[in-house]
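Enquirer: predicted model, plus sequence, below.
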Amino acid sequence: MRVAIISDIHGNRHAFEAVLEAVRAHDPDAIWCLGDLVGYGADPDACVALAREHADVCLAGNHDLAVTGALPIDEFSPGAAAAVEWTREAMAPENVTYLRGLRPSDQREGVGLYHASPRDPIWEYVLSPLLAELSLSAMGERVGLIGHSHVALAFTRPPDGPVSGERRYPDDEADLGGDAGWLLNPGSVGQPRDGDPRAAWLLLDLHRERAAWQRTEYDVEGAAAAIRAAELPDSLAQRLQHGQ
C-alpha cells in the first residue's frame, strides 16, 4: 500500500491544490492528513472541501480544534489567535461541523497517526532526540507519523541504541525495514518552517517499507495576496516567501 502523507495545510488553498496535483502523479492508494486544515491562510473552506473530497483519513490539529471552540486560544501567538478568530467568522457552518468530527490521533495499517506527538497529540513539538525518545516509548506502533512542527524530519531508535534524527530534504528516503522504531514528519503543506518555501509532503510505501520526502512548487505570491486581501496579519503572508 502506498500512502501520501500531508499535514499542516493551514488554509493555504494554493499549496494544497499543487500538492494534490503532485500526489496524483504518484497514484497512491490513499491520502492521510495529520491535521490543521485551517489556521493561518485565507481559504479555510476551500481546504476543508479538498480534504473532504480527497483525504481518506484526516486528523484534527490544534488550529482546527481552536476554530471549533474545543480548544482555547490563550496559548496561541497573537497572529495565530487573530487567524483563528477570523476563520471562525469566515467558515461555512458545514465545514466547522466537519472539523468537530475529527480526532487528533488515529491508527491505520499498523501505523500510528498523531497531529503533534504520541504523548500529546495536540500540542507537543517533537524536534529533539529526547522528545522523540519519549514519544517512541509512548507509542504502541513501531512507525508513527507526526505533524505540527512544520519541519520535514525523521527520528529513529534501533533496538539496541539511542534515538537519532535529522531534517529531511527533497528526495530523501528512509528504509523502515527491520525492528527500529520511527517517527516521520512530512513537513507542512501550507506554512513550511524549515527554510524551504515549497509545500512539503511524504510518500509512504508500506509494502516496501520506505518513506520518501517530497517538495512541490506552488503560487506563494497568490497565497500571500489572499492573506493580505483578507486583512489577516501581514506577517502570515511574509513568512510564506521564506519558508519560516
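Expert: Received, thanks.
Enquirer: measure Gly114 to Ile5 for me?
Expert: Wrong residue type there; residue 114 is Tyr, not Gly. Distance, Tyr114 to Ile5, by C-beta to C-beta, to the nearest Å: 12 Å. Where you see a C-beta, it was placed from the backbone N, CA and C, and this is true even at glycine.
Enquirer: overlap in contacts, the two.
Expert: 34, 145 (C-beta atoms under 8 Å, 6 or more residues apart in numbering).
Enquirer: OK, contacts around Asn76?
Expert: Just to correct that, residue 76 is Phe rather than Asn. By C-beta under 8 Å, 6+ apart, the residues touching Phe76 are 66, 84.
Enquirer: next, the residue positioned nearest the centre of the chain: phi, psi?
Expert: The centroid of the chain falls nearest to Ser7 when counting by C-alpha atoms, centre = their mean (1.8 Å). Taking degrees, to the nearest 10, you get phi -160, psi 160 for the backbone angles of Ser7.
Enquirer: model confidence for it, exactly?
Expert: With respect to pLDDT, Ser7 has a value of 98.
Enquirer: ok, the nearest residue to it once chain neighbours are set aside - how many residues close by?
Expert: Distances taken as C-beta to C-beta, 6 or more residues apart in numbering place Gly147 nearest to Ser7, at 3.2 Å, with adjacent residues excluded. For Gly147, the tally of surrounding residues (other C-beta atoms under 10 Å) stands at 30.
Enquirer: list the contacts of Gly147.
Expert: 7-8, 34-36, 59, 61, 114-116, 185-186, 188.
Enquirer: next one: Ser135
Expert: 117-119, 124, 126, 144, 146, 155, 183.
Enquirer: quick check: the farthest pair among the contacts of Gly147?
Expert: Greatest spatial distance among the contacts of Gly147 (C-beta to C-beta): Tyr114 and Ser188, at 15.2 Å.
Enquirer: from Leu134, how far out is the residue located most distally from the centre of the chain?
Expert: Distance from the C-alpha centroid of the chain, by C-alpha atoms, centre = their mean, peaks at Asp160 (30.3 Å). Applying C-beta to C-beta, the value for Asp160 to Leu134 is 19 Å.
Enquirer: equivalent analysis for Trp201, please.
Expert: 26 Å.
Enquirer: residue contacts, the closest residue to Ala229 other than its chain neighbours?
Expert: Spatial nearest neighbour of Ala229, excluding adjacent residues (C-beta to C-beta, 6+ apart): Ala42 at 6.8 Å. By C-beta under 8 Å, 6+ apart, Ala42 lies in contact with 11, 223, 226-227, 229-230, 232.
Enquirer: restricted to buried residues, select these in PyMOL.
Expert: The command below creates a PyMOL selection of those among those that count as buried (16 or more other C-beta atoms under 10 Å):
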select buried, resi 11+223+226+227+230+232
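Enquirer: who's more crowded, Trp201 and Leu134?
Expert: Each of Trp201 and Leu134 has its neighbours counted (other C-beta under 10 Å); Trp201 has more, 26 against 17.
Enquirer: that's a helix at the more buried one, yeah?
Expert: No. Trp201: not assigned to a helix; according to DSSP: H, G, I helix; E, B strand; the rest coil it is strand.
Enquirer: wait, it touches His26, no?
Expert: No. Look at Trp201 against His26 with C-beta atoms under 8 Å: they stay out of range, at 10.0 Å.
Enquirer: what's near enough to touch Cys47?
Expert: Each residue near Cys47 by C-beta under 8 Å, 6+ apart is listed here: 9-13, 16, 37-38, 41, 190.
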